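J.: sequence and predicted structure are below.
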Amino acid sequence: MWTYNGVKVHWLGHDSFVLEGAKSVVIIDPFKAKGEFKADLLLISHEHQDHLSEDDIRRFSKPSTVIVAPRICEKGLAPFSQEKRFVEPGSKVSLKGVTVEAVPAYNLNKFREPGKVFHPKAEGRVGYVVTLDGSRFYHAGDSDATPEMKALDVDVAFLPVSGTYVMTAEEAAGAAKAMKVKVAVPMHIGSIVGSKADAEKFRQLVGGNRPVEILEAE
């Protein structure tokens, strides 16, 4: 666990984070995660199984949990009875004392086949800026270093560093330097693709421009 301005930050592996505020708990993209947390808000960035995991959503939600997700997740979330709020890139919702802004998440140069990226912009996948207890936390989802990302002004940024489907460590370091961010936290490591070596490389490349926190999975 790491604490930022009173908010407890737990990394549960891969892209999974828990933000524990004074009154609200926000959980983002739980996947093969452990812990006894229950979300007031559960944020899903997109429909891929390592982000929209039915087993994890059941584990970390309660009847009053509100699930926030882009429309591309609608079919995958159909089994759940909890309240759902569907967002589009650029939209904003305020729930349970938390403000959630949806930021476009897409690939620029990661291709599943020639001319077709893994996460096309037109399909509406998102990252999130979560304002909790006065601090702004950005979770990039599965994304490259987009212009929208580089223009953000946030306190903490959770940035993928593994390459293959998302930014490489070099690309993520460039995004961290371009953004207005106080602390950068690498993610998308330790499961599927990416390793702690990618996180360490990211820290070295960011250098003295920004503090980098490499968290241990809980």
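T.: Here it is on my side, so go on. Because the structure is a prediction, the values reported are computed rather than measured. Numbers count the residues shown, from 1 in each chain.
J.: distance of the residue nearest to Asp153 when sequence neighbours are not counted relative to Asp155?
T.: Spatial nearest neighbour of Asp153, excluding adjacent residues (C-beta to C-beta, 6 or more residues apart in numbering): Lys180 at 4.0 Å. Quick note: C-beta positions are derived from backbone N, CA and C, even for glycine. Distance from Lys180 to Asp155, counting by C-beta to C-beta, to the nearest Å: 9 Å.
J.: neighbour-wise, which of the two wins?
T.: Using other C-beta atoms under 10 Å as the criterion, Lys180 and Asp155 rank with Asp155 on top: 18 against 13.
J.: tell me the bridge partners for the residue nearest the centre of the chain.
T.: With distances taken as C-alpha atoms, centre = their mean, His139 lies nearest the centre of the chain, 3.0 Å away. Counting by DSSP bridges, His139 forms beta bridges with Tyr128, Phe158.
J.: give me the contact list for stretch 62-80.
T.: 38-47, 52, 54, 57-58, 61, 81-89, 93, 95-96, 100, 102, 123-126, 128 (C-beta atoms under 8 Å, 6 or more residues apart in numbering).
J.: can you find the helix or strand in this protein with the smallest mean pLDDT?
T.: strand 111-113 (a mean of 89; mean pLDDT, DSSP states H and E).
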